[in-house]
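Novice: Sharing a model prediction with you, sequence too.
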Amino acid sequence: MDTGFDLRKHGGVEVFLRDCPTRAVLELIASKWTMLVLVALEDGRPMRFGELRRRLDGVTPKVLTQTLRALEREGLLTRSVYPTVPPRVEYRLTELGQEVGGLIQGITLWSQANIAAIQAAREEFDERAALLQQDPVAPDR
């Protein structure tokens, strides 16, 4: 498959290839919970696990733990453990994490600004789909 300019010839990566390391990073960043963690931490203030869990309505402890570990592994956040009883653990974005968090914040703002148009498009689509269910031989408009 021709994907345009082939960076591999120049020592770069080709994100459209299955084994490209960039693809794994994109898959992580594109995850719903990753995006929400990045936005929650984007202001630079450290947060504890419980704080993040309350902020991210609907996330399970298991999924939040997996997401935080993956972000730490990729260098997008730091996990600081303080020797208290019980131990206090805080999460904070690294410089790299703040950079991608800013990009995700832009997507969040775009989503909020355009939600009415998106909801209207959904309703229109669902109405057309319902009409097609009633009359399957009607042409798709």
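Specialist: Ah, there it is. Numbering: from 1, shown residues only.

Novice: centroid residue for this protein?
Specialist: Central residue of the chain (C-alpha atoms, centre = their mean): residue 35, 2.8 Å from the mean position.

Novice: Now the phi/psi pair for the closest residue to residue 36 other than its chain neighbours, please.
Specialist: Excluding its sequence neighbours, the residue lying closest to residue 36 (C-beta to C-beta, 6 or more residues apart in numbering) is residue 56, at 5.2 Å. Yep, even glycine has a C-beta here, placed from its N, CA and C like the rest. Note on residue 56: backbone dihedrals following degrees, to the nearest 10 are phi -100, psi 80.

Novice: and residue 56, what pLDDT?
Specialist: pLDDT for residue 56: 97.

Novice: Is it correct that it is in contact with residue 37?
Specialist: Yes: using C-beta atoms under 8 Å, residue 56 is in contact with residue 37, at 6.9 Å.

Novice: So what's the gap between the lengthiest helix in the chain and the chain middle?
Specialist: Assignment by DSSP state H gives helix 95-134 as the longest helix of the chain. Relative to the chain's own centre, helix 95-134 is displaced by 14 Å; criterion: C-alpha atoms, centre = their mean, to the nearest Å.

Novice: packing partners for that helix?
Specialist: Contacts defined by 3 or more C-beta pairs under 8 Å, 6 or more residues apart in numbering; DSSP states H and E place helix 95-134 against helix 32-41.

Novice: got a list of contacts for the helix it packs on?
Specialist: For helix 32-41, the surrounding residues in contact (C-beta atoms under 8 Å, 6 or more residues apart in numbering) are 28-29, 47, 52, 55-56, 59, 63-64, 67-68, 70-71, 76-77, 91-93, 97, 100-101, 104-105, 107-108.

Novice: mind checking pLDDT for residue 87?
Specialist: 89.

Novice: Then residue 45 would be within a strand, right?
Specialist: No: counting by DSSP: H, G, I helix; E, B strand; the rest coil, one finds residue 45 to be coil, located in no strand.

Novice: Show me the shaky parts of this protein.
Specialist: Within the chain, the ranges that satisfy pLDDT under 70 run 1-13, 136-141.

Novice: go with 90
Specialist: Flagging of the chain using pLDDT under 90 yields the residue ranges 1-24, 86-87, 131-141.
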